[in-house]
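Engineer: based on what follows, work out the 3D shape:
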Amino acid sequence: MQALFVIMRAVSLLNERIGRLVSLLIIPIFAFLIFEIFVRYVSGSPLVWTGEATQLLFGIYAVLSGGYILLHREHVNVDLLFSRLSIRNRAIIDIFTSVLTFLFLGALVYFGSSLAYESIEFWERSQSAWNPPIWPAKLAIPVGAVLLLMQGIVKLIQDILTALDIEMPADLTLHDTAGGEK
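Structural biologist: Model prediction:
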């Protein structure tokens, strides 16, 4: 059981570090948008590259942050009834609904990998006047899906242990967005 906990911690640590690193992409996105607005008002004409650069960076930011968001249980939930259930019953429901998550992520990994492979094979570039490479953004799709899938497996194991009333180490206990124990 200790080996499983080590793997779960490693996956969570990987998603924590990647999430924190990817969060820094907000800085150039913000800078590009502010620069674009400044130049547009000073010169009267927009820049060709800033809009596309921010879209590509934001796409990478969005797909690579999924594992981090799941780690911290920050995905949007509508839990009018769910929040009233016991911890154990919530874990049991999450076990069954994880099947849908894994089906979706499996498809995303499969089709995203195919898309990324073709893009890398031809060093795909945008068809705009700026013409930046877009293969890095397409490669981020299956990478982000794998990170989210791994964190989803960690969450599934946590849910199974919770449903079976097996105690987990404190650092692997599920937490809600308010920081309390779930």
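Engineer: from Ile120, how far off is Leu105?
Structural biologist: Here Leu105 is placed at a distance of 21 Å from Ile120 (Cβ to Cβ, to the nearest Å). Every C-beta, even on glycine, is put in place using the N, C-alpha and C of the backbone.
Engineer: of these two, which one has the most company?
Structural biologist: Taking neighbours as other Cβ atoms under 10 Å, Leu105 and Ile120 compare with Leu105 leading, 22 against 14.
Engineer: now that one: which helix or strand?
Structural biologist: With secondary structure defined by DSSP states H and E, Leu105 is part of helix 87-121.
Engineer: can you report how many residues neighbour Trp130?
Structural biologist: By the measure other Cβ under 10 Å, the count of residues near Trp130 is 13.
Engineer: now Leu56. Nearest residue, chain neighbours left out?
Structural biologist: Ala137 (4.8 Å; Cβ to Cβ, 6 or more residues apart in numbering).
Engineer: read off the pLDDT value for that neighbour.
Structural biologist: The predicted structure scores Ala137 at 96 on the pLDDT scale.
Engineer: now do the SS call for it.
Structural biologist: helix (DSSP: H, G, I helix; E, B strand; the rest coil).
Engineer: output stretch 129-146 as PDB, restricted to C-alpha atoms.
Structural biologist: The C-alpha trace of stretch 129-146 is given here as PDB (Å, rounded to 0.1, in the frame of the first residue of the first chain):
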ATOM      1  CA  ALA A 129       0.400  36.600 -41.800                       C
ATOM      2  CA  TRP A 130       2.600  36.000 -38.700                       C
ATOM      3  CA  ASN A 131       2.700  32.200 -39.400                       C
ATOM      4  CA  PRO A 132       3.800  30.900 -36.000                       C
ATOM      5  CA  PRO A 133       4.300  27.200 -35.300                       C
ATOM      6  CA  ILE A 134       1.100  25.700 -33.800                       C
ATOM      7  CA  TRP A 135       2.400  22.200 -33.200                       C
ATOM      8  CA  PRO A 136       3.400  23.000 -29.600                       C
ATOM      9  CA  ALA A 137      -0.200  23.900 -28.800                       C
ATOM     10  CA  LYS A 138      -1.400  20.700 -30.400                       C
ATOM     11  CA  LEU A 139       1.200  18.700 -28.500                       C
ATOM     12  CA  ALA A 140      -0.100  20.200 -25.300                       C
ATOM     13  CA  ILE A 141      -3.500  18.500 -25.800                       C
ATOM     14  CA  PRO A 142      -2.500  14.900 -25.300                       C
ATOM     15  CA  VAL A 143       0.100  15.900 -22.700                       C
ATOM     16  CA  GLY A 144      -2.500  17.700 -20.700                       C
ATOM     17  CA  ALA A 145      -5.000  14.900 -21.100                       C
ATOM     18  CA  VAL A 146      -2.500  12.400 -19.700                       C
END
